[in-house]
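3D, please:
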Amino acid sequence: MLINYMIICNVFTIFVPEFQLSTNNMKGNTDILLIYTGGTIGMRKNHDTGALEAFDFNQLQANVPELTQFAYHIDTYSFNPPMDSSDMEPKFWRKLVEIIADNYNLYDGFVILHGTDTMAYTASALSFMLENLQKPVVLTGSQLPIGMLRTDGKENLITAIEIAAAKTEDGHSAVSEVCIFFENQLLRGNRTTKINAEGFNAFRSYNYPSLATAGTHIKYNHNAILHHQGGQLTPHYKFDTNVLTLTLFPGIQENVVKRVLGIEGLKAVVLKTYGSGNAPQKKWLVDTLKEAQQRGIVVVNISQCLTGSVEMQRYETGLHLLDAGVISGHDCTVESVLTKLMFLLGEGKAADEITRLMNTPLCGEFTL
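Next up is the predicted model:
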């Protein structure tokens, strides 16, 4: 049963474009829930003021008439009012999980329309919150409003729906994880980072291959897609946001680091270091990190480099971080590490258990 938001139900039942996988998803028995949270894709330009404004989502079919060519049943569901993705935070992640969990048995796949600025954070968070997910949850959006002539929104939306509806020959979902589709690439959600504020190639997964590529056909990289062992969906809702990111830079001051790590209530820190996880060999830095660890603050080391992995044992400049109790963030994105820490803290995990789980991939968020 749907919880209280604004709900608009539409059924589109005509021809489905050619699909590379099994054709059993073309027979009109596939149901997709399209969830609109806000963002550029759902805006239109006010020709009097020039400003971008959210449009009534009832106008979706008018702005994307191609949707009538799908043989799927597509229900649309809108946050009211729509929100800018800059305002996205854990309480809205919980709402998305509630929507998906409450309707999980009614739909074959879910497409979330979301602003691009925090899309990678939302995708990462949902990947941890939706335990034993067996169906696709595809986030997409656009750099230009869907009503503009050159919009990238139509292609992103249409292809995201096709992916959410896609089945393998044995009837299972072609993709059964949280992912982002943008400019022809389907990417694992918790491996993805926004890298471009203007170009249509807004997202990149530097340390993990694409799950699928959309051209004349949608080609799936089956070896890269998560394959679950089964089990019922277990939704999680608790988050603890007493975390922060600390980026090292040449000349960073001792008093700054000590003040940051001394913040009252702080429970976890994502430490962005150099290269393969290196930091200045300053005694005050090691001592401060040790003191934080002794107070129960979890410190996770990720690299400022977009490609590559943390290997603290590789150089002496990383070994002293290991000695201070700093945890490796492997090849995770900052979005993934932050949301995973919030998730584990929200679940009430102790520091030693968090250390173990940060070194355990829960849903493909890093490569061992």
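
is it true that L33 lies in a helix?
No - judged by DSSP: H, G, I helix; E, B strand; the rest coil, L33 forms no part of a helix; its state is strand.

which residue ranges form the helices in the protein?
Per DSSP state H, the chain has helices spanning 60-63, 90-102, 119-129, 153-165, 254-261, 283-294, 316-323, 334-346, 351-358. These are given in chain order.

Leaving out the residues flanking it, which one is nearest to L106?
D31 (6.5 Å; C-beta to C-beta, 6 or more residues apart in numbering). Quick note: C-beta positions are derived from backbone N, CA and C, even for glycine.

ok, the one you found - how many residues close by?
Residues within reach of D31, counting by other C-beta atoms under 10 Å, total 16.

Relative to N132, how far out is it?
Applying C-beta to C-beta, to the nearest Å, one obtains 20 Å for the distance of D31 from N132.

Spatially central residue for the chain, please.
The central residue of the chain, meaning the one whose C-alpha is nearest the mean C-alpha position (C-alpha atoms, centre = their mean), is A123 at 1.6 Å.

list the contacts for that one?
Shown here is A123, whose contacts under the criterion C-beta atoms under 8 Å, 6 or more residues apart in numbering are L139, V178, C179, I180, G189, N190, T192, E335.

just for the stretch 51-200 of the chain, where's the confidence low?
Judged against pLDDT under 70, the low-scoring parts of the stretch 51-200 of the chain cover residues 52-61, 147-149.

Run through the strands of it in chain order.
Per DSSP state E, counting those that start in this stretch, the stretch 51-200 of the chain carries strands over the ranges 52-54, 73-78, 109-113, 130-131, 137-140, 178-182, 185-188, 193-194.

Select, out of those strands, the one closest to T273.
The closest of these to T273 is strand 193-194. By C-beta to C-beta, the value is 17.2 Å.

Excluding chain neighbours, give the residue nearest to K340 in space.
K340 sits nearest to F128 (C-beta to C-beta, 6+ apart), 5.8 Å away.

Quick check: the one you found touching T339?
Yes - the pair F128 and T339 qualifies as a contact (C-beta atoms under 8 Å) at a distance of 6.4 Å.

Please identify every residue contacting each of the two.
Here F128 and T339 have N190 as joint contacts, going by C-beta under 8 Å, 6+ apart.

higher neighbour count, those two?
Neighbours per residue, other C-beta under 10 Å: of F128 and T339, the larger number sits with T339, 28 against 23.

isn't that one right up against E89?
No - because the distance of 11.2 Å does not satisfy C-beta under 8 Å, T339 is recorded as not touching E89.

partner residues bridging Y77?
Under DSSP bridges, the beta-bridge partners of Y77 are I7, I35.

Surely it touches Y36?
Yes - because the distance of 7.0 Å satisfies C-beta under 8 Å, Y77 is recorded as touching Y36.

what sits against K349?
When contacts are counted by C-beta under 8 Å, 6+ apart, K349 is found next to L357.

any idea how far it is from G42?
According to C-beta to C-beta, K349 stands 37 Å off from G42.

and what of R94?
R94 sits 21 Å away from G42, going by C-beta to C-beta.

again, but for L338
26 Å.

same check, this time on K91
Distance, K91 to G42, by C-beta to C-beta: 20 Å.

neighbour count winner among those two?
In this view K91 and G42 are compared by other C-beta under 10 Å, and G42 has more residues nearby, 29 against 9.

Can you name the two of the contacts of A123 that sit furthest apart?
Going by C-beta to C-beta, the two entries of the contacts of A123 that are most distant from one another are C179 and E335, at 13.8 Å.

more crowded one of these two?
Each of C179 and E335 has its neighbours counted (other C-beta under 10 Å); C179 has more, 31 against 24.
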